[in-house]
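In: Quick check, what structure comes out for this input:
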Amino acid sequence: MTRHFQREVVRLKDRLLADAGRVERQLRDSVRAIEELDGELARQVIENDVEVDLAEVELEEECLKILALYQPVATDLRFLVAVLKINNDLERIGDLAVNIAERADYLSGQAPVFVDFDFDHMASVVIGMVRDSLDSLVNLDPHLARRVCATDMRVDEMNREVFRLVVDSIRSHPDQAERLIPYMMVARHLERIADHATNIAEDVIYMIEGDIVRHRLRTEGAAARGCAEAQ
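Out: Residues are numbered from 1 along each chain as shown. Sure thing, here's the model as predicted:
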């Protein structure tokens with residue numbers, strides 16, 4: 001490909017990373033709003049979602065323009081296809097951060113309830129997955145991408161733990177059910193964000209190796225978890 005195309009690719013990577021940084025800030029702020037029951041911060045996250053949506057549209061248009069101008073093939077084509085898919089995953093992560101912020105906004109106006117779970121730690125693991133999946137793209141690192149896929153099982157277990165804690169709390173305090181269920185939803189949203197990070201990592205593996213691992217890695221992970229639980 002021409003030198004012009006390579007410059008466009010570098011610019012596209014920079015823009016994708018900038019968009020990822022914006023989404024990461026949204027996610028961090030939404031979780032902090034939950035931890036601190038900060039309704040004002042939650043509403044800022046909700047208002048800022050329009051920037052994430054606009055960035056997704058602009059990046060998609062940029063990819064389509066490059067496809068039309070340069071008509072890339074092989075690895076270059078797989079890269080642009082991966083960016084298009086990753087761009088969509090980032091926008092969905094932004095939407096899920098808004099969902100978390102909406103739960104925080106609701107809870108900020110309610111009497112507090114106690115859920116013995118570190119949502120900040122779960123969010124840190126999930127944010128790390130998102131960051132590593134993007135790093136694997138920039139550095140063309142399939143090994144890092146596979147580590148992201150493996151981490152998804154940890155987040156699944158965290159989600160199940162929150163579910164158990166909330167169910168137990170509702171049984172003990174049924175009058176608090178309306179304020180406890182949003183915490184279950186927050187864990188579910190974080191788990192879905194981890195799924196999107198895994199999607200990104202799987203797309204990176206495809207881009208580098210030409211190997212579609214999407215269903216195979218998840219099946220292997222589920223089988224490994226089943227064996228561990230049986231022992």
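In: Now tell me which helix or strand of the protein has the poorest mean pLDDT.
Out: helix 214-230 (a mean of 52; mean pLDDT, DSSP states H and E).
In: So, low pLDDT: which residues of the chain?
Out: Screening the chain residue by residue with the criterion pLDDT under 70, one finds the ranges 1, 215-231.
In: Just the helices from the chain, written as ranges.
Out: Per DSSP state H, the chain carries helices over the ranges 3-36, 39-70, 74-108, 119-138, 142-172, 177-209, 214-230.
In: so what does the first one touch, helix or strand wise?
Out: Helices and strands touching helix 3-36, by 3 or more Cβ pairs under 8 Å, 6 or more residues apart in numbering; DSSP states H and E, are helix 39-70, helix 74-108, helix 119-138, helix 177-209. Where you see a C-beta, it was placed from the backbone N, CA and C, and this is true even at glycine.
In: and the gap between residue 203 and residue 4?
Out: In this structure, residue 203 lies at 25 Å from residue 4, with Cβ to Cβ, to the nearest Å as the measure.
In: For residue 57, grab the count of nearby residues.
Out: With neighbours defined by other Cβ atoms under 10 Å, the count for residue 57 comes to 11.
In: go on, residue 172?
Out: A count of neighbours around residue 172, defined by other Cβ under 10 Å, yields 8.
In: roughly how far apart are the most centrally placed residue in the chain and residue 19?
Out: In the chain, the centroid-proximal residue (Cα atoms, centre = their mean) is residue 193; its distance is 3.2 Å. Applying Cβ to Cβ, the value for residue 193 to residue 19 is 15 Å.
In: again with residue 11
Out: For residue 11, the distance to residue 19 (Cβ to Cβ) stands at 13 Å.
In: how about the nearest residue to residue 56, chain neighbours excluded?
Out: Nearest non-adjacent residue to residue 56, counting by Cβ to Cβ, 6 or more residues apart in numbering: residue 91, 4.0 Å away.
In: The one you found against residue 53, yeah?
Out: Yes - taking contact to mean Cβ atoms under 8 Å, the distance of 6.6 Å between residue 91 and residue 53 places them in contact.
In: more neighbours, those two?
Out: Using other Cβ under 10 Å as the criterion, residue 91 and residue 53 rank with residue 91 on top: 21 against 12.
In: residues contacting the more buried one?
Out: Counting by Cβ atoms under 8 Å, 6 or more residues apart in numbering, residue 91 touches 52, 53, 56.
In: residues in contact with residue 56?
Out: Shown in contact with residue 56 (Cβ under 8 Å, 6+ apart): 19, 87, 88, 90, 91, 94.
In: How about residue 202?
Out: Here residue 202 is in contact with 145, 149, 213, 214, 217 (criterion: Cβ under 8 Å, 6+ apart).
In: Okay, it and residue 86: tell me how far apart.
Out: For residue 202, the distance to residue 86 under the criterion Cβ to Cβ works out to 10 Å.
In: Stretch 69-78: how far from the chain's middle?
Out: Taking Cα atoms, centre = their mean, to the nearest Å, one finds the center of stretch 69-78 at 27 Å from the center of the full chain.
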